[in-house]
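>>> next come a sequence and a model predicted from it.
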Amino acid sequence: MKRRDEIVVGATIFGVLVIVVAGALWLSHAQFGGASQTSSARFRTVGGLGVGDPVVLRGVRVGRVKEIRLGQKNWVEAELQIYQDATLPVRPAIIAASGSLFGEWQASIVAFDQPFDDPALRRELDEAAAVGGQMWPGATLPDIGQLTAQAGRIAGDIASVSSRIQTAFDSSAVAEVQKSVKDFGRVADQLARFTQQQSSILGNVGTNLQQGSDVLAEAARSLSNSLARIDSATNEGELVTILSNAQAAAVNAREATQSLRDVMAVAHRNQESIQRIIQGADTMMTRIMDRRSTAGLLLGDTTLYVEATKAVMQFERLLADIQANPRKYFSFKVF
Amino acid sequence: MYQVITQRVADWLSGLGRVGHFVSDTVSSARDTRIWPGLTVVQMRRIGVNSLPIGLFISAFTGVVLALQSSYTFTGAVPLYFVGTLVGKTVMLELAPVLTGLALSGRVGANIAAELGTMRVTEQVDALETLAYNPFSYLVLPRVLAATVMFPVVVAAAMAVGVASGWITAINLLDLSTVEFVKGLQIFYNFKDIWFGLVKAVSFGFAVALIGCVKGLSVRGGAEGVGRAATEAVVLSAEVILVLDAFWAVVLL
């Protein structure tokens, strides 16, 4: 009985001991048989980082925090056990930060030279690196608790300001504000109309300016062309030729003017002759009208007209008969 | 009134002195190594191994309830993998040691008080003294040692079963996978969680056995005295367990 009790008790204790040890090792992510290295990092403060917290590289767990202790000059030294065969950055640094919103902390291995958005982080790393030695520089981000506490304070301030605003805004103030808003609306409408008008005017002015500038541009182009031509003409000696031609043209013009004067003198003389002719014709027509000459007499005597008409008619009949019977009137003989 | 208070304080100090004297005699009896080692193994089986079923039963259902209640509390507010965290932390730090201690205080404390009380009223203890046996090395030290050693064993087994039952509950009754539960279990784990519970269990075992022995050997009267001693042992053991629980929480956490 006693022997049996000893075996049962021993087996119970051994079994429970095995369970406890195995469970503790499993829960603490203990690693056996794998190669591991231990590195130290220096922090000004580690925040909520604790022994057993994970060490991650690019988000992958590669080790655990083995020990945290206070070092010289108030630095905090953390020993990191890295048990995976990970390729670390050439110059590693450690960032301690919350892993989630619920207080989980982790130490992230980063490259010391990589850029950081937070200038305080860079400053902390530079400060830790300036101490020198083999320890990696470390920096700590504020934890969620600090951020939420800060947010809480901000929310409290906002609540205080809101309370003061609520106190200041009584019913009359609200009415004044409403009136001010309405006035402001009217002012805004007027300003909008004024702006629209000014915009239209400015549009017209702009159009005119554009047209004016087009004309000026055209004039400038013409002037440029003229200048170019002048320049070209000056360069090639054509201007002298033009001036010579112009001088010759002026001489010709003077000669033409002289000829025109001569023509005008002849015309003047012809005019006098024409006047005389017209006067003679007028005299003649006056005599005819007065039935004083032969023509006047012919014109004033109807018998002559009738006789002449009859003679013409007879002459036409003669001609028609000659055409019809030419042998009656003409006879050709050679011999 | 003043006399009553004075009398009560004097009685309390007297009782404390008797306990101190009792402890001193118990420690002194450890020199008699011919007797207590063999008896201790027997008591380890009676107090420890035979108490495993009740301890594991309590712990198993504690794990189930913890998983379900934490899931109910966390839904919509906290990620569900924290069920693993809460089950692990609560079972290891508090519920396994305290609930097991309370259960064993009833089973072991009452058993010791009744057994020793019966031996006292039937003059078996006097017979041992007559035969030149030290009742402390024969009766007290084996029980106290056995309880001090075996309480942590029972509590450790209760921790494992509590976590395992919470795990099984989480993956079967909750929308939680094994990976998530284990993540929550491991994410805030600290080795202190285990040894803190075991240290408490050691103190609980020592206190329960000692109180049972004190109450049992101080029985006066017949069967009524035995029953009263058993009751007082259970009540006092439960009170001491809760006080020690608070004490260790203040000292160690």
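Yep, that arrived. Residues are numbered from 1 along each chain as shown, chains lettered A, B, ... in the order given.
>>> what about the residue in the stretch 101-250 of chain A that chain B sits nearest to, how many residues nearby?
Nearest residue of the stretch 101-250 of chain A to chain B (C-beta to the nearest C-beta) works out as residue A:104 at 5.6 Å. Just so you know, the C-beta spots here come from the backbone N, C-alpha and C atoms, and that holds for glycine as well. Using other C-beta atoms under 10 Å in any protein chain shown, residue A:104 is surrounded by 15 other residues.
>>> list the contacts for the residue nearest to it when sequence neighbours are not counted?
Distances taken as C-beta to C-beta, 6 or more residues apart in numbering or on different chains place residue B:187 nearest to residue A:104, at 5.6 Å, with adjacent residues excluded. Applying C-beta atoms under 8 Å, 6 or more residues apart in numbering or on different chains to residue B:187 gives the contacts A:104, B:81, B:84, B:85.
>>> any figure for the gap between residue B:187 and residue B:253?
Distance, residue B:187 to residue B:253, by C-beta to C-beta, to the nearest Å: 19 Å.
>>> what's the answer for residue A:135, then?
Residue A:135 sits 31 Å away from residue B:253 when distances are taken as C-beta to C-beta.
>>> go on, residue A:264?
Counting by C-beta to C-beta - residue A:264 and residue B:253 are separated by 139 Å.
>>> pick out whichever of these two has more residues nearby.
A count of neighbours by other C-beta under 10 Å puts residue A:264 above the other of residue A:264 and residue B:253, at 11 against 8.
>>> what domains does the record give for chain A?
Under the assignment automatic domain parsing, the domains of chain A span A:36-142, A:275-328.
>>> least reliable of those going by mean pLDDT?
For the domains of chain A, mean pLDDT drops lowest on domain A:275-328, to a mean of 79.
>>> ok, back up a step: and of the domains of chain A, who's closest to residue B:127?
For residue B:127, the closest of these is domain A:36-142, at 56.5 Å, according to C-beta to C-beta.
>>> kindly provide the distance from the nearest residue to residue B:99 once chain neighbours are set aside to residue B:104.
Distances taken as C-beta to C-beta, 6+ apart put residue B:58 closest to residue B:99, at 5.2 Å, once the chain neighbours are dropped. According to C-beta to C-beta, residue B:58 stands 10 Å off from residue B:104.
>>> these two: who's more crowded?
residue B:104 (30 against 20).
>>> contacts only, for the more buried one.
B:47, B:51, B:54, B:55, B:147, B:151, B:154, B:204, B:205, B:208.
>>> extract the CA atoms of stretch A:37-51 and return them as PDB.
This file holds the C-alpha atoms of stretch A:37-51, laid out as PDB (Å, rounded to 0.1, in the frame of the first residue of the first chain):
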ATOM      1  CA  GLN A  37      22.200  35.600 -31.100                       C
ATOM      2  CA  THR A  38      21.800  38.200 -28.400                       C
ATOM      3  CA  SER A  39      22.100  41.900 -29.100                       C
ATOM      4  CA  SER A  40      21.600  44.900 -26.900                       C
ATOM      5  CA  ALA A  41      19.800  48.100 -27.600                       C
ATOM      6  CA  ARG A  42      20.000  51.400 -25.800                       C
ATOM      7  CA  PHE A  43      16.900  53.500 -25.100                       C
ATOM      8  CA  ARG A  44      16.100  56.600 -23.300                       C
ATOM      9  CA  THR A  45      12.900  54.900 -22.300                       C
ATOM     10  CA  VAL A  46      11.300  51.600 -23.300                       C
ATOM     11  CA  GLY A  47       7.700  52.700 -22.600                       C
ATOM     12  CA  GLY A  48       5.600  49.600 -22.200                       C
ATOM     13  CA  LEU A  49       8.200  47.200 -23.700                       C
ATOM     14  CA  GLY A  50       8.700  44.200 -21.300                       C
ATOM     15  CA  VAL A  51      10.600  41.000 -21.000                       C
END
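>>> from the chain's centroid, how far away is that stretch?
55 Å (C-alpha atoms, centre = their mean, to the nearest Å).
>>> quick one: buried residues of it?
Across stretch A:37-51, burial judged by 16 or more other C-beta atoms under 10 Å in any protein chain shown covers A:39, A:40, A:41, A:42, A:43, A:46, A:47, A:48, A:49.
>>> as a check, name the ranges of all strands in the chain.
Using chain A here. Ranges of strands within chain A are A:37-43, A:54-57, A:60-70, A:76-82, A:92-98, A:105-111, A:136-140, based on DSSP state E.
>>> sorry, I should have been clearer: chain B.
Assigned by DSSP E, chain B shows no strands.
>>> any weak-confidence spans in it?
B:75, B:77 (pLDDT under 70).
>>> which of the contacts of residue B:187 are buried, as a PyMOL select command?
Buried subset of the contacts of residue B:187, written as a PyMOL selection, criterion 16+ other C-beta under 10 Å:
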select buried, chain B and resi 81+84+85
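>>> need the residues of chain A near chain B, please.
With C-beta under 8 Å from any C-beta of the partner chain as the criterion, chain A meets chain B at residues A:2, A:5-6, A:8-9, A:12-13, A:16-17, A:19-20, A:23-24, A:27-29, A:50-52, A:102-104.
>>> at 10 Å what do you get?
Residues of chain A lying near chain B by C-beta under 10 Å from any C-beta of the partner chain: A:1-17, A:19-30, A:50-54, A:99-104.
>>> show only the entries of the residues you listed found in helices.
The members of the residues of chain A next to chain B that map onto helices under DSSP state H are A:2-17, A:19-27.
>>> identify, from the buried residues of stretch A:37-51, the entry nearest to residue B:223.
The shortest approach to residue B:223 among the buried residues of stretch A:37-51 belongs to residue A:48, at 59.5 Å (C-beta to C-beta).
>>> leaving out the residues flanking it, which one is nearest to the closest one?
Among residues not flanking residue A:48 along the chain, residue A:105 sits closest, at 4.5 Å (C-beta to C-beta, 6+ apart).
>>> so who does that neighbour touch?
By C-beta atoms under 10 Å, 6 or more residues apart in numbering or on different chains, the contact set of residue A:105 is A:46-50, A:53-54, A:65, A:96-99, A:140-141, A:143.
>>> mind doing that once more with 6 Å?
Counting by C-beta atoms under 6 Å, 6 or more residues apart in numbering or on different chains, residue A:105 touches A:48, A:49, A:53, A:98.
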